[in-house]
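# coordinates only, no sequence provided:
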């Protein structure tokens, strides 16, 4: 296989990942707050839909990101979710996200992960992503003001995803991640295709 053929095959697996994620999902998660020595369980129901071209352009514009030549081909989601923790706390949110691939290296895809609204900070945000076509793991790294979130979604099959979240205290610029504040694990099952 040529380099171009390999990159095309890896990109095809990436697009299949997004197609498989469309639908209604239920998630059972456990969060370990290491600084407080607390464990919390929660249940989330969320809907994942393809994002329209107009909303893709809005996500790019919200992030002051140069529009690529073929915006329509960019993978992404329109995501809405509702979470209820075991303490009864409820959180709902809607957001749109896009993935812009920059390079294929060592069998992995790398690029920017753009959202019109961050999870923990109510603002547009640009993060980094890495996708492994062999394991179908999407790894997203977001640098927030006070923390860095490393979020992994592994598509086991079209109806089952495994989620892992590591939140680090944000180190000084140029320093490695080391102080973990939160670890989360989740099992996500598709309950309906859209």
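Right, received. Where do you want to start? None of the values given here were measured: they were computed from a predicted structure.

# and the residue nearest the centre of the chain, how far is that from residue 169?
Central residue of the chain (C-alpha atoms, centre = their mean): residue 140, 5.6 Å from the mean position. From residue 140 across to residue 169, the span is 18 Å (C-beta to C-beta, to the nearest Å). Where you see a C-beta, it was placed from the backbone N, CA and C, and this is true even at glycine.

# hang on, the earlier thing: what is the residue nearest to the centre of the chain paired to in the beta sheet?
Beta bridges link residue 140 to residue 129, residue 151, judged by DSSP bridges.

# show me where pLDDT drops low in the chain?
Applying pLDDT under 70 to the chain flags the ranges 1-4, 6-7, 194.

# and the residue nearest to the centre of the chain, how far from residue 153?
When residue 140 is compared with residue 153 (using C-beta to C-beta), they lie 8 Å apart.

# for residue 94, same thing?
18 Å.

# which helix runs longest in the protein?
Using DSSP state H to define each element, the chain has its longest helix at helix 3-21.

# packing partners of that helix?
Applying 3 or more C-beta pairs under 8 Å, 6 or more residues apart in numbering; DSSP states H and E, one finds that helix 3-21 makes contact with strand 76-85, strand 90-105, strand 108-115, strand 125-132, strand 147-157.

# those strands into JSON lines, with extra columns for distance to residue 56?
Listed next are these as JSON lines, based on distance: least, C-beta to C-beta, whole Å:
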{"stretch": "strand 76-85", "distance to residue 56": "6"}
{"stretch": "strand 90-105", "distance to residue 56": "6"}
{"stretch": "strand 108-115", "distance to residue 56": "9"}
{"stretch": "strand 125-132", "distance to residue 56": "14"}
{"stretch": "strand 147-157", "distance to residue 56": "20"}
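
# for residue 52, which of these is the nearest?
strand 76-85 (7.7 Å; C-beta to C-beta).

# check which helices and strands the closest one sits against.
With contacts taken as 3+ C-beta pairs under 8 Å, 6+ apart, strand 76-85 sits against helix 3-21, strand 38-49, helix 53-62, strand 90-105.

# cutoff 10 Å now
Using 3 or more C-beta pairs under 10 Å, 6 or more residues apart in numbering; DSSP states H and E, the elements in contact with strand 76-85 are helix 3-21, strand 23-33, strand 38-49, helix 53-62, strand 90-105, strand 108-115.

# hang on, the earlier thing: to residue 27, which of the helices and strands packed on helix 3-21 lies closest?
strand 76-85 (8.3 Å).

# buried stuff in that closest one?
The neighbour-count check on strand 76-85 (16 or more other C-beta atoms under 10 Å) flags 76, 77, 78, 79, 81, 83 as buried.

# kindly reformat these as TSV containing distance to residue 109.
TSV is the format used below for those (distance: C-beta to C-beta, whole Å):
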residue	distance to residue 109
76	14
77	17
78	22
79	20
81	25
83	29
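
# re the thing from before, right, and the residue nearest to the centre of the chain touches residue 110 too?
No - using C-beta atoms under 10 Å, residue 140 is not in contact with residue 110; the gap is 11.5 Å.

# which neighbours do these two share?
Jointly contacting residue 140 and residue 110 under the rule C-beta atoms under 10 Å, 6 or more residues apart in numbering are 128, 129, 130, 131.
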